[in-house]
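Asks: this one's structure only:
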Ligand code: DAH
């Protein structure tokens, strides 16, 4: 083929292709034009390109250069037409569409009420100077019992009241039954002053009913320093209760017993006209301070453990703890 004829057919092809892309009224027509001109198998550009093999060698560089130019021009023409049609679609759908408005993220779901509660508790306690600490949910006996001054024959260790794990390589392990374990873990690695909370899951083999579930959450608090007293404990819990429940809440201590505190109390909040129990608390037992290498003659501390589900349920008016864990979206959508 003579070079002139080759160049001529390229020029015609370019003009026809650009004309077809420009004229395409919709995406389907544009795609048909693309296949006609740029189709990988039988496209017209491909068939013109085949002529390159028959061009005399001396003219090949010129022919190849022009071939590339035309291919790029046709491709750009196609890209422009694609853009034009995309714009057209938006204008057709909604003439008031304003692409300069800030994007609104789609509302795909919401946070679980317990997650929301935990976030709020962390905020409130953070404002009171308590930082959040974590500990493992699979624990050993030292952290769940021994260091917390729970003797070897104490009923709290009963296999019927704990999820012991088998096959843990000689060390007896269990799913932690209380977040008090985190008190020990923090004090083991840190010197006083300590002011922390731990928020997480605990496990007990209870049959599920409106107020029990084999897994629930606790908020543990611990403050250790020189001269910490029960008045600090009561003040901290009162400030917490006012913030979380949103009114002037009275706090009542009832004498109780926990191996890791002396004295120990049950904590009640007066809210909506009656006293309700939210957890336990007390002054950290000297044996616990000794177990982590603190000197009980120098420092003292208070600790508390509150039920997160109870706080969440009171706040949102939920009456059956099982509703929190059934994952019925009709329930969860209300929060
Ligand atoms: N760990 C206790 C429980 O699960 C709650 C508790 C009571 C935590 C007194 C404390 C405390 O830190 O001082 O029943």
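Replies: In hand now; what should we look at? This one's a predicted model, so the numbers in the text were calculated from it and none came from an experiment.
Asks: touching the ligand at all, stretch 244-260?
Replies: Yes. For stretch 244-260 and the ligand, the contact criterion (CB under 6 Å from any ligand atom) is met by residue 258. Every C-beta, even on glycine, is put in place using the N, C-alpha and C of the backbone.
Asks: Would you mind naming what in this structure lies close to the ligand?
Replies: Residues of the chain lying near the ligand by CB under 6 Å from any ligand atom: 178, 180, 220, 258, 261, 279-282, 303-305.
Asks: top of the residues you listed by neighbour count?
Replies: Neighbour counts for the residues of the chain next to the ligand peak at residue 180, which has 29 neighbours (criterion: other CB atoms under 10 Å).
Asks: got the contact list for it?
Replies: Shown here is residue 180, whose contacts under the criterion CB atoms under 8 Å, 6 or more residues apart in numbering are 148, 220, 260, 303, 305.
Asks: can you list the weak-confidence ranges in the stretch 51-200 of the chain?
Replies: Using pLDDT under 70 as the threshold, the predicted model of the stretch 51-200 of the chain has low-confidence ranges 89-93, 168.
Asks: residues contacting the closest residue to the ligand within the stretch 101-250 of the chain?
Replies: The shortest separation between the stretch 101-250 of the chain and the ligand is 3.6 Å, found at residue 178 (distances taken as CB to the nearest ligand atom). Shown in contact with residue 178 (CB under 8 Å, 6+ apart): 144, 202, 218, 220, 305.
Asks: which SS class is it?
Replies: When the structure is split into helix, strand and coil by DSSP: H, G, I helix; E, B strand; the rest coil, residue 178 lands in coil.
Asks: circling back: give me the subset of the residues of the chain next to the ligand that lies in helices.
Replies: Secondary structure from DSSP state H places residue 180 of the residues of the chain next to the ligand in helices.
Asks: any idea which of the residues of the chain next to the ligand is closest to residue 2?
Replies: Using CB to CB, residue 220 is the member of the residues of the chain next to the ligand that lies nearest residue 2, at 90.7 Å.
Asks: what sits against the nearest residue in space to that closest one that is not next to it in sequence?
Replies: Across the structure, with CB to CB, 6 or more residues apart in numbering as the measure, the residue nearest residue 220 apart from its sequence neighbours is residue 179 (3.9 Å). For residue 179, the contacting residues are 135, 198-200, 202, 218-220, 305, by CB under 8 Å, 6+ apart.
Asks: which of those tops the neighbour count?
Replies: The contacts of residue 179, ranked by neighbours (other CB under 10 Å): first place residue 219, 26 neighbours.
Asks: Shouldn't residue 252 be within a strand?
Replies: Yes. According to three-state DSSP, the state of residue 252 is that of a strand.
Asks: contacting residues for the residue lying closest to it once chain neighbours are set aside?
Replies: Nearest residue to residue 252, sequence neighbours excluded (CB to CB, 6+ apart): residue 268, at 4.3 Å. When the contact criterion is CB under 8 Å, 6+ apart, the partners of residue 268 are 251-254, 275-278.
Asks: out of those, which are buried?
Replies: The neighbour-count criterion (16 or more other CB atoms under 10 Å) marks 251, 253, 278 among the contacts of residue 268 as buried.
Asks: Hmm, which of those is lowest in pLDDT?
Replies: Summarising pLDDT for those: the lowest-scoring member is residue 251, with 89.
Asks: Now do the contacts for it.
Replies: 234, 237-238, 241, 267-270.
Asks: Which parts of the chain belong to which domain?
Replies: Dividing the chain into domains by automatic domain parsing, as the record does, gives the ranges 3-105, 114-332.
Asks: Point out the most buried one among those domains.
Replies: Mean neighbour counts were compared across these using mean count of other CB atoms under 10 Å; the top stretch is domain 114-332, at a mean of 17.
Asks: Now do that one: distance from first to last residue.
Replies: Start and end residues of domain 114-332 are separated by 10 Å (CA to CA, to the nearest Å).
Asks: and what of stretch 120-135?
Replies: End-to-end distance of stretch 120-135: 20 Å, with CA to CA as the criterion.
Asks: Can you give the contact residues for that stretch?
Replies: Against stretch 120-135 from outside (CB under 8 Å, 6+ apart): 143, 176, 179, 181-182, 185-186, 195-200, 219, 221, 223, 236, 239-240, 243-244, 308, 311.
Asks: Please flag which of those residues sit within strands.
Replies: 195-200, 219, 221, 223 (DSSP state E).
Asks: ok, of these, which one's closest to residue 317?
Replies: Nearest to residue 317 among those, counting by CB to CB, is residue 219 at 20.0 Å.
Asks: Surely that closest one touches residue 308?
Replies: Yes. Checked against CB atoms under 8 Å, the pair residue 219 and residue 308 is within contact range at 5.6 Å.
Asks: so what's in contact with those two at the same time?
Replies: With contacts defined as CB under 8 Å, 6+ apart, the residues adjacent to both residue 219 and residue 308 are 121, 199.
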